[in-house]
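Chemist: What shape does this take:
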Amino acid sequence: MESESRSSWALGLSLVEVMLLLVFAALIAYVTDNVESRGQEPQQIVAEPKPLDAELQAKLHAATQKSNDLERQLNDMTLFVNELKLMVGAKGSTKEGFQEAVESLKRGYALCQKDNNTLIEATVRNGEETLQVIGEIPSDLVVNLVKGEETSDLDQIVLFMQDVYQYEIDHKCRFNYRLKYATDNDYRKAREAFEKYFYPEKMSRTG
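Modeler: Next up is the predicted model:
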């Protein structure tokens, strides 16, 4: 009886041990699989840059070429504008600057005053001359008449025009004038007398 119980106990112990060994083996297998799977982290795949499509590459090349051409044209135009500015004597590269320079070329003289360059109105009727100051007189121009003043005195007219002419020589400019005349002879006489000193702005015939 005692030997049979010992055999049964030994057999039972062996079965328990076998079960434990199986469980232990299963745990080891489980842990080993997890460790291996974690150690083999999936590497991030870096996609190689795809080569540019032939058509797209051609368009890019054409756009680059056009940009370079435009840049060259801009440089050429800038050089041309600078040379033109020197030729016509423009004070700036703006539209207004060139217009002023062109007007000066047409006149043959620069403006003495930018805003209102018309200084006098001359009237000649049957050979008699009258001069009226209708424009602002520059502060550095010293003359014997003031704005709004009118005279038919020949000495006063001559003195006024001589002072204005000296100012124009010093400043390399010329004032405008307006003319009213009655006859053809008045017209010719006025132009011969006044256009030595002034540039004609407006001429009108009176009755």
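
Chemist: which element is residue 55 on?
Modeler: Residue 55 belongs to helix 54-88 when assigned by DSSP states H and E.

Chemist: In this protein, what residue spans correspond to helices?
Modeler: Assigned by DSSP state H, the chain shows helices spanning 2-39, 54-88, 95-107, 154-171, 184-194.

Chemist: which stretch in these is the model least sure about?
Modeler: If you rank those by mean pLDDT, helix 2-39 sits at the bottom with a mean of 55.

Chemist: Let me see the domain layout of this structure.
Modeler: Following automatic domain parsing, one finds the domains of the chain at 65-108, 109-205.

Chemist: could I get those as JSON lines with distance to residue 57?
Modeler: Every residue, glycine included, has its C-beta placed from N, CA and C. Formatted as JSON lines, the domains of the chain follow (distance: least, C-beta to C-beta, whole Å):
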{"stretch": "domain 65-108", "distance to residue 57": "13"}
{"stretch": "domain 109-205", "distance to residue 57": "56"}
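
Chemist: which one of these is the most hemmed in?
Modeler: domain 109-205 (a mean of 16; mean count of other C-beta atoms under 10 Å).

Chemist: End to end on that one, go ahead and measure it.
Modeler: 26 Å (C-alpha to C-alpha, to the nearest Å).

Chemist: Equivalent analysis for stretch 127-138, please.
Modeler: 30 Å.

Chemist: what's that stretch in contact with?
Modeler: Under the criterion C-beta atoms under 8 Å, 6 or more residues apart in numbering, residues 112-113, 116-124, 143, 145-152, 154, 156-157, 160, 167, 175, 178, 185-186, 189-190, 193 lie in contact with stretch 127-138.

Chemist: again, but for stretch 146-155
Modeler: Counting by C-beta under 8 Å, 6+ apart, 128-137, 145, 157 sit against stretch 146-155.

Chemist: Reformat those into TSV and put distance to residue 65 next to each item.
Modeler: Formatted as TSV, the contacts of stretch 146-155 follow (distance: C-beta to C-beta, whole Å):
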residue	distance to residue 65
128	74
129	69
130	70
131	66
132	66
133	64
134	60
135	57
136	57
137	60
145	67
157	69
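
Chemist: Take the residues you listed and keep only those in strands.
Modeler: Judged by DSSP state E, the contacts of stretch 146-155 include 128-133 as members of strands.

Chemist: Let me have those in JSON lines, extended by pLDDT and distance to residue 72.
Modeler: Below are those laid out as JSON lines (pLDDT from 0 to 100; distance: C-beta to C-beta, whole Å):
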{"residue": "128", "pLDDT": "95", "distance to residue 72": "65"}
{"residue": "129", "pLDDT": "96", "distance to residue 72": "60"}
{"residue": "130", "pLDDT": "97", "distance to residue 72": "61"}
{"residue": "131", "pLDDT": "97", "distance to residue 72": "57"}
{"residue": "132", "pLDDT": "98", "distance to residue 72": "57"}
{"residue": "133", "pLDDT": "98", "distance to residue 72": "55"}
